[in-house]
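Participant: Quick one, fold the following:
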Amino acid sequence: MKPYLLDNNVISELWKSSPDAAVLAWIQTAEWFLPVPVIAEIQEGADGASSAGRRIEINSNRSYKPDFSDFIYSAKLHRS
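Facilitator: Okay, here's the model as predicted:
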């Protein structure tokens, strides 16, 4: 199976109070990676949340913010 590079819309589905069952099932079985810019977008969204309580919830609630460290994809550009 080919790995997928996910966009933040897939990850944000996991944060919903009732995430789509098909997305939950797929994320458990598919091979996927998070591009570093997606992680930055997610953090920017958390930092821009309208209330301090929501920012704290997004940044600290591990029940919907799993450790993605094994799934991070970072590309380096090489100049010749």
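Participant: looking at it, residue 11 is touching residue 33, isn't it?
Facilitator: No: with contact defined as CB atoms under 8 Å, residue 11 and residue 33 do not form a contacting pair (11.5 Å). For every residue, glycine as well, the C-beta is placed using N, CA and C.
Participant: Specify which residue of these two has the higher count of neighbours.
Facilitator: In this comparison of residue 11 against residue 33, neighbours counted by other CB atoms under 10 Å, the higher total goes to residue 11 at 21 against 16.
Participant: for this protein, longest strand please?
Facilitator: Of all segments of type strand in the chain, defined using DSSP state E, the longest is strand 32-35.
Participant: That strand - what's its average pLDDT?
Facilitator: Averaged over strand 32-35, pLDDT sits at 83.
Participant: Ok, stretch 56-63 next?
Facilitator: pLDDT averaged over stretch 56-63 equals 61, rounded to a whole number.
Participant: All further residue positions should be reported with the first residue as 24.
Facilitator: All right, first residue 24 from here; so that's stretch 79-86.
Participant: and the longest strand of the chain, what does it pack onto?
Facilitator: Secondary-structure packing of strand 55-58 (3 or more CB pairs under 8 Å, 6 or more residues apart in numbering; DSSP states H and E): strand 27-28, strand 95-96.
Participant: so the residue sitting nearest the centre point of the chain, which of the three states?
Facilitator: Residue closest to the average C-alpha location in the chain (CA atoms, centre = their mean): residue 34, at 4.0 Å. Classification of residue 34 by DSSP: H, G, I helix; E, B strand; the rest coil places it in helix.
Participant: pLDDT score for residue 42?
Facilitator: Reported pLDDT at residue 42 in the predicted model: 89.
Participant: Flag every buried residue along the longest strand of the chain.
Facilitator: Applying a neighbour-count criterion of 16 or more other CB atoms under 10 Å, one finds 55, 56, 57, 58 buried in strand 55-58.
Participant: Can you convert those into JSON lines and add a column each for distance to residue 77?
Facilitator: JSON lines is the format used below for these (distance: CB to CB, whole Å):
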{"residue": "55", "distance to residue 77": "26"}
{"residue": "56", "distance to residue 77": "27"}
{"residue": "57", "distance to residue 77": "22"}
{"residue": "58", "distance to residue 77": "25"}
